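> predicted model, plus sequence, below.
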Amino acid sequence: MENLINWRKSNGVTQEALAGQLGIAKSTLSKYEKKRLTLKPDMAKRIESLTNGRVSASDLLGLSDTNSVQKPSASLGSGLPVADEARSLGLDPEAIAAEAIAASVKRKRLDVWLEENSSAFAANAKDIDNNGLWSDRRRLF
């Protein structure tokens, strides 16, 4: 987010002005800049477009070299028919790849968390089977 803050300040753009151009509340932009709200890939692409690429979507999404994740090269898919076709249709293969990576990482984190906590889920289910829900005693029907 430092790049976004630096770009905004160096170009004399206020949070309110940038938020208005993005169609979001100033408080939402502030939360993005302070990393209190997770930036979605589509918003990162809108910011990248609005800054003419000076603030990249991959940096905003944490997929840059500074975060130990290899950044897609500018020639991602160069020479691949599907990437060339995507470009001819006005699509950005690099942004699509970044979004796919982010979605895959999110799903993998969820899978790992579910596996790590599977014994707790099983114990809770067993407790409910043995003792019922806490609210069962309060039901009047």
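It's in.
> what lies in contact with the one helix or strand E16 maps to?
Using DSSP states H and E, E16 maps to helix 15-22. Contacts with helix 15-22, where a contact means C-beta atoms under 8 Å, 6 or more residues apart in numbering, come from 8, 25-26, 28-30, 33, 43, 46-47, 50. C-beta: built from backbone N, CA, C; applies to glycine.
> V105: which of these is nearest?
Distance ranking of the contacts of helix 15-22 against V105, using C-beta to C-beta, places M43 first at 17.6 Å.
> tell me how far the residue most central in space within the chain lies from S104.
With distances taken as C-alpha atoms, centre = their mean, K40 lies nearest the centre of the chain, 4.0 Å away. Separation of K40 from S104 (C-beta to C-beta, to the nearest Å) stands at 15 Å.
> using CSV, write out every CA atom in stretch 107-118.
The C-alpha trace of stretch 107-118 is given here as CSV (Å, rounded to 0.1, in the frame of the first residue of the first chain):
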residue,chain,number,x,y,z
ARG,A,107,-8.5,-21.8,-1.2
LYS,A,108,-5.3,-23.7,-0.1
ARG,A,109,-5.2,-21.7,3.2
LEU,A,110,-8.8,-22.7,3.8
ASP,A,111,-8.1,-26.4,3.1
VAL,A,112,-5.0,-26.3,5.4
TRP,A,113,-7.1,-24.6,8.2
LEU,A,114,-9.9,-27.1,7.8
GLU,A,115,-7.4,-30.0,8.0
GLU,A,116,-5.7,-28.6,11.0
ASN,A,117,-9.0,-28.1,12.8
SER,A,118,-10.8,-31.3,11.7
